[in-house]
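**Q** Coordinates for the following, if possible.
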Amino acid sequence: MTQDEMKKEAGWAALKYVEKDSIVGVGTGSTVNHFIDALGTMKDEIKGAVSSSDASTEKLQGLGIEVFSCNDVMSLDIYVDGADEINPAREMIKGGGAALTREKIVAAISKKFICIVDDTKAVDVLGQFPLPVEVIPMARSYVARELVKLGGDPAYREGVVTDNGNVILDVHNLSITEPKKLEQQINAIAGVVTVGLFAERGADVVITGTPNGAKIEE
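**A** Next up is the predicted model:
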């Protein structure tokens, strides 16, 4: 089974958590695209979705699913999104697709975070995948210097502008043994919009696409 087929297994398995007449939080990325395809099969049974990126919004609307603003909903029952890495404590690195800030906002208003991944994303210690940090453009060099003090090796993701008009620094060579502490430290740096560590708000359910189908951990 290919990696994309495993992503599809995970994406479609998340459909069982979607309740009728609900508004669904939808993330961003290749695994989520499979979930959006699945969601399209029951679009007449849901009210719509809140999306974490322009790309997901476009795909949802293309399938005839109404997309609501985050400001128009009090809370969401579920948020379905992928991860670049996830550890046994269900803490994650996200932001490979540069949508980390909106993803974190949608996760914050959701009662249940369902993380859908293929089995290559599971790690014991976070940090092999470069940690994305969304930064206000004028603070890029300052933030990079502060990230070096924290033991990282930041690289400017050239040619990438987030949906919020900001830039991304990818922090290499980290071994993240205390994700919550590092999340707080990086978020406290002036000019950081948010860091792609989802530790304070980790996943509640993990659905992993494997060669033997989807494995669900609740």
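
**Q** Lys47 is in contact with Val18, isn't it?
**A** No. Between Lys47 and Val18 there is no contact under C-beta atoms under 8 Å: 11.1 Å. Yep, even glycine has a C-beta here, placed from its N, CA and C like the rest.

**Q** Which one's more surrounded, those two?
**A** Val18 (19 against 13; other C-beta atoms under 10 Å).

**Q** quick check: domain ranges of this structure?
**A** The chain is divided into the following domains under automatic domain parsing: 3-123+200-217, 131-195.

**Q** hey, which of those is tucked in deepest?
**A** Mean neighbours per residue, mean count of other C-beta atoms under 10 Å, is largest over the domains of the chain for domain 3-123+200-217, with a mean of 19.

**Q** Now do that domain: distance from first to last residue.
**A** 20 Å (C-alpha to C-alpha, to the nearest Å).

**Q** do the same with stretch 89-101
**A** Stretch 89-101 stretches 21 Å from its first residue to its last (C-alpha to C-alpha).

**Q** Give me the mean pLDDT for it.
**A** The pLDDT scores in stretch 89-101 average 95.

**Q** So what's the gap between that stretch and the chain middle?
**A** 4 Å (C-alpha atoms, centre = their mean, to the nearest Å).

**Q** and if you look at stretch 128-137?
**A** Relative to its chain's centre, stretch 128-137 lies at 13 Å (C-alpha atoms, centre = their mean).

**Q** what about the chain, any weak spots by pLDDT?
**A** Along the chain, segments meeting pLDDT under 70 are nowhere present.

**Q** quick one, strands of it?
**A** 23-26, 48-51, 67-68, 76-81, 85-86, 92-93, 110-118, 131-135, 153-156, 167-172, 192-195, 197-198, 205-210, 213-217 (DSSP state E).

**Q** who does the last one touch, helix- and strand-wise?
**A** Contact analysis of strand 213-217 by 3 or more C-beta pairs under 8 Å, 6 or more residues apart in numbering; DSSP states H and E lists helix 3-13, strand 205-210 as its packing neighbours.

**Q** at 10 Å instead, please
**A** For strand 213-217, the elements it packs on are helix 3-13, strand 110-118, strand 205-210, judged by 3 or more C-beta pairs under 10 Å, 6 or more residues apart in numbering; DSSP states H and E.

**Q** Check the fourth one too.
**A** Under the contact criterion of 3+ C-beta pairs under 10 Å, 6+ apart, the helices and strands touching strand 76-81 comprise strand 23-26, helix 30-40, strand 48-51, helix 100-108, strand 110-118, strand 205-210.

**Q** possible to save these as CSV with distance to Val160?
**A** Formatted as CSV, the helices and strands packed on strand 76-81 follow (distance: least, C-beta to C-beta, whole Å):
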stretch, distance to Val160
strand 23-26, 21
helix 30-40, 17
strand 48-51, 19
helix 100-108, 12
strand 110-118, 22
strand 205-210, 27
